[in-house]
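**Q** my questions are about this predicted structure, shown below with the sequence.
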Amino acid sequence: MSDTATIPAPRFISRIRLKAPFLVMLAISWLGLMIFVAIFVDLLRPYDITAMDLGARLVSVGAPGHPLGTDELGRDVFSRLLQSIRVSLVIAFCATIISALFGTTLGFLAAQFRGWVEHLVVALADFQAALPFMIMSLAVLAFFGTSIWLLVCLMGFYGWERYARIARGLAISASAQGYAAAVVQLGARPSRVYLRHILPNVASTLIVSMTLTFPEIILMESGLSFLGLGVQPPESSLGNMVGFGREYLTRAPWIMLAPSLVIVLTTLSISLLGDWLRDRLDPTTR
Amino acid sequence: MSALLQAKGLIQQYSTAKTFLGKTSTMRAVDGINLTVREGEILGIVGESGSGKSTLGRLLLGLESPFKGKILYRGHPMPEPRTAAWRKLRAEMQLIFQDPLSALDRRLTVSAQIGEPLEIHGLAAGSERAERVAELIAKVGLRQDQAGSYPHELSGGQRQRVVIARALASNPRFLVCDEPVSALDVSIQAQVVNLLRDLQDREGLTMVFISHDLKVVRNICDRVAVMYLGRIVEEASSDALFSDPRHPYTRALVSSVPKIGAGLHGRIILQGEPPNPAARPSGCAFHPRCRFADADCAATIPELERHDGRLAACRKLRHTLRPAA
C-alpha cells in the first residue's frame, strides 16, 4: 500500500477485462479464434482437405497425426473442420451483412416516403415472413444450381424483413416527434437525418437482431448443406460435415461431433457478445 | 416596425381516421387566422390545450403547409416543406421545443448537437466551429466542461439551454418558442425566460412565444394574441390585454391569474365543457360558455374588429359590453 503512485496504466487486454464480464471474454476469445482460423486456414491445416489416406480410414480421435481422427475416406477431420469454419463463417458474415443492409435500407425508405413505397415494403416483408424459407431456398438452388455466391445471396435474403420492420417502426416514431423532427427542422437533408441520427439510435436494436440472424443463418446453411443443396463436396462446410458424418454416427461420432460443437459454441458466443454490445453502445446505460 | 412574417387567411385541417363505415371527419386546428409578426417584437400566443396554438406555430415556421391561406416571410411566400429552398430558410427561423430531452439526440454530445446547424448550413468548420460552439455555450449560460456531456447527464433547465443554443447557432432572425418552459420547474422557468428575454434584447430577435402560462407571457411578450378553437379572439399589446381585457374569454383567462392578497374573489369560472375542435359550436365558438351570449351569438361568427387600438372578435363588444370593473 505504500507504493500506490507507481501503478501502471492498465494495458489494452486488462482494460477490456475490466469492462467485460468473464463469459463475454470467453465469447470474444472464441470468435477471435474462429476469425483467426478462417483467415489463416491455409497455413494451419496439416493436410489438404481432399487428401485421402485409405489405409487410415475412420481413425479415432487422438491418433498420431490426426488429432480429431479421420473420416470414411481417410481424410483428416481436423483439416476439414478448419476449412469448414472458413466457408461457413464467410457465408454467414456476408449473408448477415446483406440481410441487415437490405432490410434496414428498405425500412428507412418506407419510413421516409410513406405512401405506396411503404405499402410495398410492408407487403414484401409479410410475404417473406409467410414463405417457408427452406422451401424457397430448395427451389432456387434446384433451379439455378449451387454456387457459393448464390448461396450467400440467398442466405442474405433470410431475415431481412425483421430489419425492415424494426427500422421502419423506429424511424417513424423518431420522425413523428423528437430528435429526428428536431434535426429536420434545423434544415438537415434526409440522408443526414437517417445516417447520422436515426441509424445510431436504432443500431443497438439492429445489432441484437443481427446476433439473432447470424446463428440462424449458420444453422440454415448447415441445414441446406445437410440436405445436399448447400456447399457441395469436395468443398466442405460445417453443415455439410454434419450431414455426411451422420452415416457414421455410431462408428465414428467424432466426424459429426466436432463441427456440431463449433456451430454451438460460435452461435452462443455471438448471442452473448451481441447482448453485451447492445448495453455497451448505449451511452445512457454506460 | 416592418412586418417580418404575415399570415393571411390561414386554415389548417386534419382528417381523423376512417370510421368503420368509411366516414372521415375533418378537424380544423386553425380556422382562418390573419396575423402579422413585426420585426423585433415578441408576440405571445395564448389559449387552452387544443386551441391550435402549436399548429399555428408550426404553420408560421413553414413546418407544415396550410390547407388554405398563405404565409409571407419578408414579403416572399414560404417555400414548400422539405424542398431545398425550405431547408436553406431553416437557418433563419428556428423552433424551441417544449420537451428538450426528446428534442435532443441522446447519442450525441452537447457540443456536437449545438454545432450541428453550422455543419448543416455550411457556416463554420474545424476550429472556427469549435470556437462558435464555445461562444454559444457561454451565451446560454452553460459551463464549458459540459460540452462533452450527453443530454441525459444534464438537468431539465440545462437541456433547454442546449436546445436554445442549437437554435441560435445559425444566427436566426425568427424564433418560435412552443411552450419552452412548461416542462420545467418554476425556479428554472424564470431562468430560461430571462435568458430568452436577454437574447432578444441583445440580438433583436423576433419571437413568437406560445404558452398557456399567462404569467410568463405577461412577463416576456410585447403583444399577445388569444386563441380559442383555432381562431384569434383578441389581439392587443401585452399591457392593454392584461390590464383591460375585452373579450369575455380573455377576461376569464386574465381573471384566473392569481393575485397576491386578492384570494379567489372576482374570478370568472368558465362553465360548460372545454372546447372540442372536432365538434365546433355554431356562430361564436365561445358562446356555450359565455356569460353574455344570446341567440345572435349562436348564429353568426364574429369578425376580428378594431376596438380602441386592439382587435377583438365579439358581437357584444360594440355596444353593451364595457369593462365592468
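**A** Done, it's in. Quantities reported herein were computed from a predicted structural model and do not represent experimental measurements.

**Q** and the spatially closest residue to residue A:159 that is not a sequence neighbour, what does it touch?
**A** Once flanking residues are discounted, residue A:159 sits nearest to residue A:213: 4.2 Å by C-beta to C-beta, 6 or more residues apart in numbering or on different chains. Just so you know, the C-beta spots here come from the backbone N, C-alpha and C atoms, and that holds for glycine as well. Residue A:213 is in contact with A:96, A:99, A:100, A:158, A:159, A:162, counting by C-beta atoms under 8 Å, 6 or more residues apart in numbering or on different chains.

**Q** tell me which element residue A:213 falls in.
**A** Per DSSP states H and E, residue A:213 falls inside helix A:199-226.

**Q** again, but for residue B:113
**A** Assigned by DSSP H and E, residue B:113 falls in helix B:110-114.

**Q** ok so, going back, the residue nearest to residue A:159 and chain B, how far apart?
**A** Going from residue A:213 to chain B by C-beta to the nearest C-beta, to the nearest Å gives 23 Å.

**Q** and stretch B:200-217, which residues are buried?
**A** Buried residues in stretch B:200-217, counted by 16 or more other C-beta atoms under 10 Å in any protein chain shown: B:200, B:205-214, B:216-217.

**Q** inside strands: which ones of the residues you listed?
**A** Here DSSP state E is the test, and those give B:206, B:207, B:208, B:209, B:210, B:211 as lying in strands.

**Q** and residue A:274, what pLDDT?
**A** Residue A:274 is assigned 82 on the pLDDT scale.

**Q** now do the SS call for it.
**A** Following DSSP: H, G, I helix; E, B strand; the rest coil, we place residue A:274 in the helix state.

**Q** my read is that it contacts residue A:206, right?
**A** No: assessed by C-beta atoms under 8 Å, residue A:274 is found out of contact with residue A:206, at 10.4 Å.

**Q** how about low-confidence regions in the stretch 51-200 of chain A?
**A** Applying pLDDT under 70 to the stretch 51-200 of chain A picks out residues A:56, A:59, A:63, A:177.

**Q** residues contacting the residue in it that chain B sits nearest to?
**A** Minimum separation of the stretch 51-200 of chain A from chain B (C-beta to the nearest C-beta) falls at residue A:187, amounting to 3.0 Å. Residues in contact with residue A:187 (C-beta under 8 Å, 6+ apart) are B:86, B:87, B:88, B:89, B:90, B:91, B:117, B:120, B:121, B:170.

**Q** by neighbours, which of these wins?
**A** residue B:117 (26 neighbours; other C-beta atoms under 10 Å in any protein chain shown).

**Q** next helix or strand past the host helix or strand of it?
**A** Assigned by DSSP H and E, residue B:117 belongs to helix B:116-120. Next in sequence after helix B:116-120, counting helices and strands by DSSP H and E, comes helix B:126-139.

**Q** so is that following helix next to chain A?
**A** No: judged by C-beta under 8 Å from any C-beta of the partner chain, helix B:126-139 makes no contact with chain A; its nearest approach is 13.8 Å.

**Q** which other helices and strands does the helix or strand following that helix contact?
**A** Going down the chain from helix B:126-139, the next helix or strand is helix B:156-168, by DSSP H and E. If you count contacts as 3 or more C-beta pairs under 8 Å, 6 or more residues apart in numbering or on different chains; DSSP states H and E, helix B:156-168 packs onto strand B:93-96, helix B:100-103, helix B:110-114, helix B:116-120, helix B:126-139, helix B:186-203.

**Q** kindly compare burial across the ones you listed and name the winner.
**A** Highest mean neighbour count among these (mean count of other C-beta atoms under 10 Å in any protein chain shown): strand B:93-96, with a mean of 26.

**Q** just the contacts of residue A:187: which are in strands?
**A** If you go by DSSP E, the contacts of residue A:187 have nothing in strands.
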